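[1] I would like to see how this sequence folds:
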Amino acid sequence: MDDKITIIEGPTPTFEPIHEHPLTGMQAWTGGILETPFLYDLAKTTLRTFNGQALLERCHRTWREKSTMYLEYRDRIGLTMQTPILAAQSVQVDEGDMLVLWVRQDAQEEEVETDGDEDFDEDQFDL
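    Now for the predicted structure:
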């Protein structure tokens, strides 16, 4: 399975939303990788790894083959989840190799709060 990076042990990854640029609405380089007829959010996660460069090469090889690379992990209740990886970077720190992944996630719908005091007219709807 060369099209997946699987988190075998450790906590559920933390996905940090990519903050939008005030003028363009997104970071300068993210516009091209998110072009799609569907709405998605872009998030970043950083993972500790044994060999970040080897995982980065697997990503590059999969992308050269015009395939999708996935991050596979377990969510907070233990279900196996997958999310497409859009970009990756291997970083060396004092503690060892780190892999920075930019992943695509379903767009989060904004919740609209109401105070519950609106008048509801049942005659507006045919029941």
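[2] so Gln89 is in which element?
    Using DSSP states H and E, Gln89 sits in strand 80-93.
[3] show me what counts as buried in the following helix or strand past that strand.
    Following strand 80-93 in sequence order, the next helix or strand is strand 96-106 (DSSP H and E). Buried residues in strand 96-106, counted by 16 or more other Cβ atoms under 10 Å: 97, 99, 101-104. C-betas here are computed from N, CA, C, even on glycine.
[4] what is strand 96-106 packed up against?
    With contacts defined as 3 or more Cβ pairs under 8 Å, 6 or more residues apart in numbering; DSSP states H and E, the packing partners of strand 96-106 are strand 40-49, helix 52-64, strand 80-93.
[5] what pairs with it, parallel or antiparallel?
    strand 40-49 (antiparallel), strand 80-93 (antiparallel) (DSSP bridges).
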